[in-house]
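Engineer: no sequence on hand, only this structure:
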């Protein structure tokens, strides 16, 4: 998140390893994950590096995001998923894109050890197929007008923006996946 040359607060979803485009100020950099499923969504987002540490004035932590950080998210997510899918019920599969942290050897070994099923070869950041991308757009819309001036100040609106995404919207998007896939096949793989 950064202030544009015109003085407006802007948000840009991009890989944190790239310099922000059209920015002449020091942007705040946050990385966070959350999860959705039919009838479920995590109650909050899970922050990880390079998100600034709480209580600091930094716009970005000095840590780089690594597979180990994603494994912490999986541990956190498993607690929620156990409530969503009690033992003995249908066990879900995670849909992940091909980000490096999702495909590293340590991550793949960890997921196997944890018994977490992952849908393989899902396209990265596909608005047509990856439902969470549509929900991030809703989070972005919910952040419009937020004007915090500190890193800690940004955490609250981010959590709030996630929290007010209605479950009915999540469910609608999840239920639409099969229809979307059929439409993509009908269009020979073109974007919808």
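Structural biologist: Cool, the structure landed. Since the model is a prediction, treat every value here as computed from it, not as a measurement.
Engineer: got a list of what the spatially most central residue of the chain touches?
Structural biologist: The chain has residue 33 as the residue nearest its centroid, 3.9 Å off, counting by C-alpha atoms, centre = their mean. Residues near residue 33 by C-beta atoms under 8 Å, 6 or more residues apart in numbering: 45-46, 48, 70, 73, 77. No exception for glycine: its C-beta is placed from N, CA and C like everyone else's.
Engineer: phi and psi next, for it.
Structural biologist: With angles defined as degrees, to the nearest 10, residue 33 sits at phi -130, psi 160.
Engineer: then residue 172?
Structural biologist: phi -60, psi -40.
Engineer: okay, it and residue 180: tell me how far apart.
Structural biologist: 12 Å (C-beta to C-beta, to the nearest Å).
Engineer: neighbour count winner among these two?
Structural biologist: residue 180 (16 against 13; other C-beta atoms under 10 Å).
Engineer: that one contacts residue 126, doesn't it?
Structural biologist: No - contact between residue 180 and residue 126 fails when scored by C-beta atoms under 8 Å: they sit 9.6 Å apart.
Engineer: quick one: the strands in this structure?
Structural biologist: 2-3, 9-10, 31-33, 36-37, 40-41, 46-48, 93-95, 117-119 (DSSP state E).
Engineer: dump the ones you listed to CSV, plus distance to residue 108 and mean pLDDT.
Structural biologist: Below are the strands of the chain laid out as CSV (distance: least, C-beta to C-beta, whole Å; pLDDT from 0 to 100):
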stretch, distance to residue 108, mean pLDDT
strand 2-3, 34, 61
strand 9-10, 36, 60
strand 31-33, 18, 92
strand 36-37, 22, 94
strand 40-41, 25, 96
strand 46-48, 19, 95
strand 93-95, 12, 84
strand 117-119, 8, 84
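Engineer: redo the contacts of residue 33 as a markdown table? Include neighbour count and distance to residue 110.
Structural biologist: Shown next, in a markdown table, are the contacts of residue 33 (neighbours: other C-beta atoms under 10 Å; distance: C-beta to C-beta, whole Å):
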| residue | neighbour count | distance to residue 110 |
| --- | --- | --- |
| 45 | 21 | 21 |
| 46 | 19 | 16 |
| 48 | 21 | 15 |
| 70 | 24 | 9 |
| 73 | 20 | 11 |
| 77 | 18 | 13 |
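Engineer: shaky segments in this protein?
Structural biologist: 1-25, 98, 124-125, 127, 192 (pLDDT under 70).
Engineer: and the strands of the chain as a markdown table, adding distance to residue 146?
Structural biologist: Formatted as a markdown table, those follow (distance: least, C-beta to C-beta, whole Å):
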| stretch | distance to residue 146 |
| --- | --- |
| strand 2-3 | 12 |
| strand 9-10 | 7 |
| strand 31-33 | 15 |
| strand 36-37 | 22 |
| strand 40-41 | 20 |
| strand 46-48 | 16 |
| strand 93-95 | 28 |
| strand 117-119 | 33 |
